[in-house]
Structure formats: C-alpha cells, structure tokens
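In: structure of the sequence below:
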Amino acid sequence: MVADGERAPRWMRAVGAVLLLGGGALTAAVLGWPGDAPEVALLLPGVVALVAGALLLLARTGIAVTDTDVVLHFRPLPARRIVRRRIAEVSVVEADARTFGGVGLRLGRGVRALLLTPGRGVRITDDRGRVTFVRAERPEELLRALAD
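Out: Prediction:
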C-alpha cells in the first residue's frame, strides 16, 4: 500500500482556531446571558463559527493505493473509493486554487478535486470520464503504484 496526502496550511489552521475560539465565546456568552432562553438568531452565528473552525482545523487530504482500490480522504468527511480496474488514465499534474475554483473539496461537472495547497498531484480519470485530482507530496510514487 502506498499513501500520501497533506494537512491544512498554517494560515488555514490559524483561521480555524480563531473561528473556533470566537464561536465558542459567542455561544457561551449567549447561553450565559441572564434571563429567558437565548434567541436562536444570536446562537446560530456562534455555532456556525464553531463548526467552520473545527472543519478548518481538522482538514486533511489523503490518497492510499491498495491492491484493489484507490481510497480518497478529505477529512473529516468519509472516505471515497475508486476500484482500480475502473481507472482509465493516471497522470501527475500541477494545480492551484484557480485550477479547480478554490481550495478544499471541489466538486464540478465530472471533476472532483482535493487540494489544500498549490502543487503537484495525481489526476485520475475513470472509465466513465470522471476526473479526480488529489494534491500529494510524492505524486510520482503514487503514479508508479497505480501503474503496477
């Protein structure tokens, strides 16, 4: 098995930490306010900031090549598998946020991309023409594993 991936960059984790702390403080302030039950409208921004902050702190991409599958991870979401016999083409390509319209999990017409930082990664095309790109530190190693 060959595996690779990347963590969220420092700036993204820093933003996540700020959102997590700010959302926690806002939620605690609203819930701790004396009097009747807090307004949901005041509680909602704090909860959204908590969730967004946690997602940014936990964000990781990964790809693992096994004998039968290619397993794609965009944590904290569940893994996705591509059966190796369905892979039509594999190549190493350069990509950045402009290539797929942003960072993170990018979904478009027939295209799925997992990237947190610009750089080289593996582009997989399946037998239905769907393209998956995963940013990797050692894409050539993944390419060799998929060629075997």
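In: how far is the lengthiest helix in the chain from where the chain is centred?
Out: The longest helix of the chain (DSSP state H) is helix 10-32. From the chain centre to the centre of helix 10-32 is a distance of 20 Å (Cα atoms, centre = their mean, to the nearest Å).
In: for stretch 91-98, same thing?
Out: When distances are taken as Cα atoms, centre = their mean, stretch 91-98 is centred 15 Å away from the chain's centroid.
In: got any ranges where this structure has weak pLDDT?
Out: 35-38, 40 (pLDDT under 70).
In: how about the strands in it?
Out: 2-7, 60-65, 69-75, 80-83, 87-95, 104-108, 111-115, 119-126, 131-135 (DSSP state E).
In: need those strands in a markdown table (columns: distance to Ala41 and mean neighbour count).
Out: For glycine as for every other residue, the C-beta is placed from the backbone atoms N, C-alpha and C. Below are the strands of the chain laid out as a markdown table (distance: least, Cβ to Cβ, whole Å; neighbours: other Cβ atoms under 10 Å):
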| stretch | distance to Ala41 | mean neighbour count |
| --- | --- | --- |
| strand 2-7 | 35 | 18 |
| strand 60-65 | 33 | 21 |
| strand 69-75 | 31 | 19 |
| strand 80-83 | 36 | 14 |
| strand 87-95 | 40 | 14 |
| strand 104-108 | 28 | 15 |
| strand 111-115 | 35 | 22 |
| strand 119-126 | 42 | 20 |
| strand 131-135 | 38 | 22 |
